[in-house]
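> A structural model of the following input is requested.
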Amino acid sequence: MIYSIGLSIYLILASPFYLLKVLRGKYRSNFFQRLGFGLKKIEGKTIWLHACSVGEIEAAAPFIELLMKEKKDFRIIISTVTETGFARAKKMFANLELRYLPFDFKFAIRKHLLTAGEPDSFYIIETEIWPNLIRELSARKIPIFIVNGRISDRAWKRYRRFAFLFRTILRRISAVAARTELDAERYKFLGADRVEAVGNIKYDRIAPALPRNTPQGRFVLFGSTHHGEEKICIEIFERLRKKIPELRAILAPRHIERAKELVKKYGGSLRSEGWDDSKLLILDTHGELAGMYAIAEAAFIGGSLVPVGGHNPLEAAIHSVPSIWGPYTENFRDACDVLKDNGGFIVQNGDELYSVFESLLTDNRLRLQCGASARKKVLENRGAAERTWKFFQQVTK
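Have a look, this model is predicted:
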């Protein structure tokens, strides 16, 4: 009750902001749908899977493919929160039912459920706790499962402080397939009854194909970079070119809307405008970074030299590409622990980052050994999607 009142007050106070955004075009495609309007009615038995944004959609791919195989008679609904997540889902799973997750108001949730066919189960990728949604699903006796469950260090501080509130919600979750033992312990502390550490389903993702019309040459890749990292990356790249004049770079900002700003600042050419022979190529298209790692000789994984929490080093490793990251990796601690000293390198600053790049780019044998070791580690850790499915089947027997 208190939660719903607080959410209503927030919506009233924030409505001018959202209205302005809608009028300018942002949120226009999802705002009214998230309130429960304009939904297409789906007939028959369904399974609903929620993945907040791009990262969760890509992480969910192996589990979605398994669902499609195991539940052939069911229609699969995929919901997202962000527009970028929706666009990625549409590109990867155009034949499935796609929609935006309802705002966590009972009236909006009920409108969605009325049009969602006959949901057999509801899957949440990683961690999003929407109290009213979970209550409404539980009241209808629809099993709720968390897939690839994780609770970051940052979120853990907040969840632990309000554990007494989360316990009443998490007790309604049917089962949690956690990424690590640490994540499993955190879910148990917060009240989840059936929890098992099954591993990270991101290892199960197959190597994405190299995007079309990619350039030729020797490349380093700076992936998923954030503000404060690009300057360091460009300086390192210029230093490397003094030793390796033919070297080129791909810079992939985490938020691609920043790409044009980066071109103005550092030069180079944009992927969307057709790459030329520029030494610096800036990626500004959705869904291509994971495949683009295939042409890199070594890669930096962004969000790790600034306190963001890091991004996914497995995308480089599956292509046999050595990867380097900074000290802030709590979002991918398990993957970084696996890859460290197995084709992955942790650095503390720009000078150390330059040193590792230089070693890898000037020692072909070292680079190939590191790349092979990284790929081997990914392959050794596969199977989490299958373990997740088996665990959920045991719970529902």
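> just the pLDDT at the residue nearest the centre of the chain, thanks.
Centroid check for the chain by CA atoms, centre = their mean gives Gly55 as the closest residue, at 1.5 Å. Model confidence at Gly55, given as pLDDT, is 88.
> how about it, what does it touch?
Shown in contact with Gly55 (CB atoms under 8 Å, 6 or more residues apart in numbering): His311, Asn312. C-beta coordinates here come from the backbone N, C-alpha and C atoms, glycine included.
> in what helix or strand does it lie?
Secondary structure assignment for Gly55, by DSSP states H and E: helix 54-70.
> buried ones in that helix?
54-67 (16 or more other CB atoms under 10 Å).
> for Arg140, state which of those residues is nearest.
Of all the buried residues of helix 54-70, Arg140 sits closest to Leu67, with 20.0 Å by CB to CB.
> so what's the closest one up against?
With contact taken as CB under 8 Å, 6+ apart, Leu67 is in contact with Ile47, Leu49, Phe74, Ile76, Tyr123.
> out of the residues you listed, which are buried?
Ile47, Leu49, Phe74, Ile76, Tyr123.
> ok, the helix or strand containing the first one: who's next to it in the sheet?
Remark: Ile47 resides in strand 45-50, with elements defined by DSSP H and E. If you go by DSSP bridges, strand 45-50 pairs up with strand 75-80 (parallel), strand 118-125 (parallel).
> after the lowest-mean-pLDDT helix or strand in the chain, next one along is what?
Lowest by mean pLDDT, DSSP states H and E among the helices and strands of the chain is helix 2-23, with a mean of 62. Later in the chain than helix 2-23, the nearest helix or strand by DSSP H and E is helix 31-34.
> export only the CA atoms of the helix or strand encompassing Ala299, formatted as PDB.
According to DSSP H and E, Ala299 maps onto strand 296-301. The C-alpha trace of strand 296-301 is given here as PDB (Å, rounded to 0.1, in the frame of the first residue of the first chain):
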ATOM      1  CA  ALA A 296      40.300  -6.900 -33.000                       C
ATOM      2  CA  GLU A 297      43.800  -8.100 -31.900                       C
ATOM      3  CA  ALA A 298      43.200  -6.900 -28.400                       C
ATOM      4  CA  ALA A 299      40.300  -5.100 -26.600                       C
ATOM      5  CA  PHE A 300      39.700  -2.800 -23.700                       C
ATOM      6  CA  ILE A 301      36.400  -3.400 -21.900                       C
END
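> I would like the residues contacting it, please.
Residues from elsewhere that reach strand 296-301 (CB under 8 Å, 6+ apart): 218-225, 233, 250, 293, 310-313, 316, 319, 321-325, 353, 356-357, 360-361, 367.
> so of these, which ones are in helices?
Those of those mapping onto helices are Cys233, Ala316, Leu353, Val356, Phe357, Leu360, Leu361, Arg367, per DSSP state H.
> please convert these to a markdown table, extending it with neighbour count, distance to Ser174 and pLDDT.
Below are the ones in helices among the contacts of strand 296-301 laid out as a markdown table (neighbours: other CB atoms under 10 Å; distance: CB to CB, whole Å; pLDDT from 0 to 100):
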| residue | neighbour count | distance to Ser174 | pLDDT |
| --- | --- | --- | --- |
| Cys233 | 24 | 44 | 98 |
| Ala316 | 32 | 35 | 98 |
| Leu353 | 24 | 44 | 98 |
| Val356 | 19 | 44 | 98 |
| Phe357 | 26 | 46 | 98 |
| Leu360 | 24 | 46 | 98 |
| Leu361 | 19 | 49 | 98 |
| Arg367 | 19 | 46 | 98 |
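> tell me the one among those residues nearest to Thr82.
Nearest member of the ones in helices among the contacts of strand 296-301 to Thr82, counting by CB to CB, is Ala316, at 23.7 Å.
> thought that closest one was touching Phe332?
No. Between Ala316 and Phe332 there is no contact under CB atoms under 8 Å: 11.8 Å.
> what about Gly303, neighbour count?
23 (other CB atoms under 10 Å).
> please apply the same query to the one 10 residues further on.
For Pro313, the neighbour count with other CB under 10 Å is 32.
> next, the contact list for it, please.
Taking CB under 8 Å, 6+ apart, we find Pro313 in contact with Ile301, Ser323, Trp325, Phe332, Ala335, Cys336, Leu339, Gly344.
> and for Thr225?
Here Thr225 is in contact with Cys233, Leu251, Ala252, Pro253, Arg254, Phe300, Gly302, Gly303 (CB under 8 Å, 6+ apart).
> apply 10 Å and report the result again.
Under the criterion of CB atoms under 10 Å, 6 or more residues apart in numbering, the neighbours of Thr225 are 231-234, 251-255, 258, 262, 300-306, 308, 311.
> pull up the pairing partners for the helix or strand hosting Ala177, direction included.
Under the criterion of DSSP H and E, Ala177 resides in strand 175-178. Paired strands of strand 175-178, with direction, are strand 144-149 (parallel), strand 195-197 (parallel) (DSSP bridges).
> noted, bye for now.
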